[in-house]
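Participant: Next comes the sequence, and after it the predicted model I'd like to discuss.
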Amino acid sequence: MFKMSEYSLIAAMLSTGLALLAYVAYSVSGIRAARLQTAGMPLRTAGVGFVIGPRTASIGRYATILGWLATAALGASLVFRTIATGHGPFANQYEFAVSFAFGTLAAYMWFEQRYHQRVLGVIALAVGLALMLYATSIPSNIEPLVPALQNNLLLSVHVAVAIVAYGSFTVAFAAAVLFLIQPETGRWGLPKPELLDEIGYRAIVVGFPFLSLVIILGALWAEVAWGTYWSWDPKETASLVTWLLYAAYLHARIVRGWRGSRSAWLLVAGFGATLFTYFGNYFFGGLHSYAGLNRQ
Amino acid sequence: MAQHVRARPLPQGSLEAEAPRQSLVGPLEGLLDGLWRILTSMRIALVLILAFAVLSLVGTVVVQAPPGTLADPQAKADWLGQVRPKYGGWTGIMDTLQAFAIFQSLWFRVVVAGLSISLVACSVHRIQGLWRTAARPRVKVADRFFEHAPQHETILAPSADQAALARLQAVLKRHRYRSLVKDEDGLSLYADRNRWGPMGSLVGHLSLLVILVGAVVGSTFGYRDSSFIVAEGSTAPVATDGLSVKLVSFKDSYYADTGEPSDYASDVILYKDGQQVGRQTVRVNQPLRYGDISFYQSFFGPAAVMTVTDASGKQVYSGGVPLAWNTNDGAHRVGTFALSAAGLSAWVVESAGADDTQIRPGQVQLELYQSSGDGQAVASQVLDQGKATKVGDLTYTFQREKSFTGLIVSRDPGAPLVWLGALLLVGGFVLVFMFPHRRLWARITPRKGGSTISLAAIGRHDTTVGREFTDLVADIRQALQTPAKG
Ligand code: HEM
């Protein structure tokens, strides 16, 4: 099972890599077509969105198939790993990196189903691939659980909920980046700013309640394991920062002067905080260590 | 380069039943009005939320002093000395700015207080509007609205107005909209669904206050001892509720292959006023709960079982001495017990290991101090295991080594509020997000050979809402334009 899980991860990495190439090709081809249509017009002419000709459409279909393939392979990797270890993928950085990558791919594919904006895939899949590459660079051996982590049900639910939240945040991040690199009238045939704003918002509407649940489940675990639901541990504080940034985003969207690009920057900051929470053990002050690994 | 991506907002309050406007006169009212505007301002709320985020971020990147350290001048100086190499000349400045105890700092308190007040103000401010929108919506709206609403449509129906109304209502019902009708200068209709969804926003915001109250109650009325120590075979009193805990045995287990810990298990008996009220093996994820008090496994270490007898052979002390502290150089574990009748306090120092030439493994060093006055050292003696040794008037024996367990004892009367708040938080925000309020207005005016139906809706101007509206309109159009049967 352990081997199966590793092979699935490799398969997922290959298909994500290929899918990413296909998404890039798709974007380039669509944007090129949009350029050709506006040729002769003033450079920044708005109005022409992404142009999907027959060639672009067929590249897009391959990209999507590869994307689903990658998602399935990554899901399989997690399932095999769970069977091999007998617990959810919450025990170490490796397991969580693979989970995070899966969340990213799955959330992206789900949003693609709904909004058909494949240009987002370039960013989302790049994040997913980076997470998988990171996963392969850190130890993946299965180690038995230290006492604090022996709370299989709670922690499995915790990580499952986190996958959804983090995946949504990546999609929101991708939308925000595309929003920010174009002026308000749109450019280069990229997805329209209004639509990107909507996708970002929809992603947070999913991600925010899920992140709330992640934090609450973490607090429940802390109460059972350490006798306090909140101790300002850097890991939990970092997740609070993430949560606050997304709460700020939800307000910013309706405050004059904060709509649009400032809100989009909050999505970027929120994603930064998400990564910081995850990689935090490399930054947090020296006296603390990864929650659950060095504490009893 | 602010980008206005939402539809132009409609004039406030134009869609709810009219409320009497308060007239504000006089400078005091003007001041209060201004204050109220600040407290209910979304911009201020946004700034406060961001300030909270920034302070929390500081708390994750700057090392935080262990609780209590900064209150004690000596401990504080020691601790600052430890972090000085890391922060250099900034150490003093950061200390002044309370960066090492950011969650107890003035900044933090101000932000939390500001947010709480703002939350209360906002909720009070919004409750009336939310209530009116849900319970007393305006059925008849101005004609203009049907031309300017973000989404609007006109349908020409062959049937007369009452018949058209009936068909319209049937379609709306199928789409799970409830509808209200007003017959005044023509037929007006209002329809909506999920009208209680927005109340989730109120629940979600107020839940934050519930959590905050829970946290304050917990820290004010709670009890917490995070280093409750008891040695195997001994009983130690808990400083509250007349409870005491006996550690029957402690076992730490390790995985054979990796050497990582696999289990810490303290078999304990709980007594209340001398009566046994509970027995359980306390493990890391299995606290012992008794009433509202819980005992959690936290740490452990060795204990030295000591017996002390007086000249007549009477036992004056017998028990496990938890070696829960370290000597200043960190090399030796030490523990202490009191010999009150003799006016002595005894310290037991464990061997530092195989390299220790002074205290060999299997030996302990006994150090006696006067327990009153200036704590003068009285004697120091190395004891062999199992060998009774006379020091001063008493005879001391180091029987054997056992374990002690360190438990956290905690009572948090605020915790139920916190969990309730957590439930309301998720429930409330899921309600707003999953059940968005959808509203639709219609006006039916008779015309020759049928009627004209104007439809208008408001809501977020996005594709989901747009699609819903288009589908609904298509259904309505179909129902209205098919000629009446018979
Ligand atoms: C840490 C504190 C806060 C958090 C976590 C928070 C969270 C949220 C969330 C998740 C939403 C979106 C869902 C909804 O519409 O209810 C929201 C909306 C809203 N919040 Fe807050 N909030 C906080 C503080 C405040 C404060 C202090 C105010 C008062 C100014 C406020 C006013 C509002 C309003 C008016 C909306 C409705 C926005 C709309 O119509 O879309 N919030 N808040």
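Facilitator: Yep, that arrived. Numbers count the residues shown, from 1 in each chain, chains lettered A, B, ... in the order given.

Participant: Give me the spatial nearest neighbour of residue 122, chain neighbours excluded.
Facilitator: Just going to use chain A. Among residues not flanking A:Val122 along the chain, A:Tyr23 sits closest, at 4.9 Å (Cβ to Cβ, 6 or more residues apart in numbering or on different chains). (Each C-beta comes from the backbone N, C-alpha and C, glycine too.)

Participant: The chain in question should be chain B.
Facilitator: Per Cβ to Cβ, 6+ apart, closest to B:Cys122 is B:Thr40, 5.4 Å.

Participant: For that neighbour, list the residues it contacts.
Facilitator: For B:Thr40, the contact set (Cβ atoms under 8 Å, 6 or more residues apart in numbering or on different chains) comprises B:Ser118, B:Ala121, B:Cys122, B:His125.

Participant: Then A:Leu240?
Facilitator: Applying Cβ under 8 Å, 6+ apart, the residues near A:Leu240 are A:Ile215, B:Ser56.

Participant: Tell me both backbone torsions, phi and psi, for it.
Facilitator: When read as degrees, to the nearest 10, the backbone of A:Leu240 gives phi -70, psi -40.

Participant: what's the pLDDT at it?
Facilitator: Model confidence at A:Leu240, given as pLDDT, is 97.

Participant: Next: A:Gln150.
Facilitator: pLDDT at A:Gln150 comes out at 82.

Participant: and the nearest residue in space to it that is not next to it in sequence, how many neighbours does it have?
Facilitator: Distances taken as Cβ to Cβ, 6+ apart place B:Asn285 nearest to A:Gln150, at 5.7 Å, with adjacent residues excluded. B:Asn285 has 18 neighbours, counted by other Cβ atoms under 10 Å in any protein chain shown.

Participant: Locate B:Val378 within the secondary structure: which element?
Facilitator: Assigned by DSSP states H and E, B:Val378 belongs to strand B:377-384.

Participant: Now that strand: buried residues?
Facilitator: B:Val378, B:Leu383 (16 or more other Cβ atoms under 10 Å in any protein chain shown).

Participant: Also stretch A:116-134?
Facilitator: A:117-129, A:131-132, A:134.

Participant: just the residues you listed now: which is nearest chain B?
Facilitator: Chain B has its nearest neighbour among the buried residues of stretch A:116-134 in A:Gln117, at 10.9 Å by Cβ to the nearest Cβ.

Participant: which residues of the stretch 301-450 of chain B fall in strands?
Facilitator: Under the criterion DSSP state E, counting those that start in this stretch, strands of the stretch 301-450 of chain B are mapped to B:315-322, B:325-326, B:333-339, B:344-350, B:363-370, B:377-384, B:389-391, B:394-411, B:438-447, B:450-458.

Participant: Show me the contact partners of the strand holding B:Val378.
Facilitator: Outside strand B:377-384, the residues that reach it (Cβ under 8 Å, 6+ apart) are B:344, B:358-359, B:362-370, B:389, B:391-392, B:396-398.

Participant: What of stretch B:452-469?
Facilitator: A:115, A:194-195, A:198, A:201-202, B:6-7, B:10, B:15, B:141, B:145-146, B:149-157, B:164, B:168, B:436-446, B:473, B:476, B:480.

Participant: where's that stretch relative to the chain centroid, distance-wise?
Facilitator: Distance of stretch B:452-469 from the chain centroid (Cα atoms, centre = their mean, to the nearest Å) equals 39 Å.

Participant: for the stretch 151-300 of chain B, what spans make up the helices?
Facilitator: Ranges of helices in the stretch 151-300 of chain B, per DSSP state H, counting those that start in this stretch, are B:161-174, B:199-221.

Participant: tally of neighbours for B:Gly392?
Facilitator: 12.

Participant: Check the one 5 residues further on too.
Facilitator: A count of nearby residues for B:Thr397, using other Cβ under 10 Å, gives 18.

Participant: And it, what's its pLDDT?
Facilitator: 94.

Participant: State the distance from it to B:Gln315.
Facilitator: 10 Å (Cβ to Cβ, to the nearest Å).

Participant: shared neighbours of those two, which are they?
Facilitator: Shared contacts of B:Thr397 and B:Gln315, counting by Cβ under 8 Å, 6+ apart, come down to B:Thr307, B:Val308, B:Thr309.

Participant: could you list every residue that touches the closest residue to the last one other than its chain neighbours?
Facilitator: It refers to B:Thr309. Spatially, and ignoring its direct neighbours in sequence, B:Thr309 is nearest to B:Thr395 (4.9 Å; Cβ to Cβ, 6+ apart). Neighbour list for B:Thr395: B:Val308, B:Thr309, B:Asp310, B:Ala388, B:Thr389 [criterion: Cβ under 8 Å, 6+ apart].

Participant: Dump these into CSV; add distance to B:Ala457 as well.
Facilitator: Formatted as CSV, the contacts of B:Thr395 follow (distance: Cβ to Cβ, whole Å):
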residue, distance to B:Ala457
B:Val308, 87
B:Thr309, 91
B:Asp310, 93
B:Ala388, 93
B:Thr389, 92
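
Participant: Out of the residues you listed, which end up buried?
Facilitator: Here, 16+ other Cβ under 10 Å leaves B:Val308, B:Thr309 buried among the contacts of B:Thr395.

Participant: what's the closest of the contacts of B:Thr395 to B:Tyr290?
Facilitator: B:Val308 (32.9 Å; Cβ to Cβ).

Participant: Settle this for me: that closest one is touching B:Val321, isn't it.
Facilitator: No - at 10.7 Å, B:Val308 and B:Val321 do not qualify as touching, with contact defined as Cβ atoms under 8 Å.

Participant: returning to that earlier point: ok and the strand holding B:Val378 relative to strand B:344-350, angle-wise?
Facilitator: 40 degrees (axes from the mean of the first three to the mean of the last three Cα atoms, to 10 degrees).

Participant: Direction included, what does strand B:377-384 pair against?
Facilitator: Here strand B:377-384 has these sheet partners by DSSP bridges: strand B:363-370 (antiparallel).

Participant: picking up where we left off before, determine which of the strands of the stretch 301-450 of chain B approaches the ligand most closely.
Facilitator: strand B:450-458 (12.4 Å; Cβ to the nearest ligand atom).

Participant: What's the first helix or strand after that closest one?
Facilitator: helix B:463-481.

Participant: the inter-axis angle of that next one versus helix B:161-174?
Facilitator: 140 degrees.

Participant: related to what we said a few turns ago, mean pLDDT lowest where, among the helices of the stretch 151-300 of chain B?
Facilitator: helix B:161-174 (a mean of 91).

Participant: what comes up buried for that helix?
Facilitator: Neighbour-count burial for helix B:161-174 [16+ other Cβ under 10 Å]: B:Asp161, B:Ala163, B:Ala164, B:Leu165, B:Arg167, B:Leu168, B:Gln169, B:Val171, B:Leu172.

Participant: need the contact list for the fifth one.
Facilitator: For B:Arg167, the contact set (Cβ under 8 Å, 6+ apart) comprises B:Ala157, B:Ser159, B:Ala479, B:Leu480.

Participant: Repeat that for the third one.
Facilitator: Counting by Cβ under 8 Å, 6+ apart, B:Ala164 makes contact with B:Ala157, B:Ile444, B:Gly450, B:Ser451, B:Ile453, B:Leu480.
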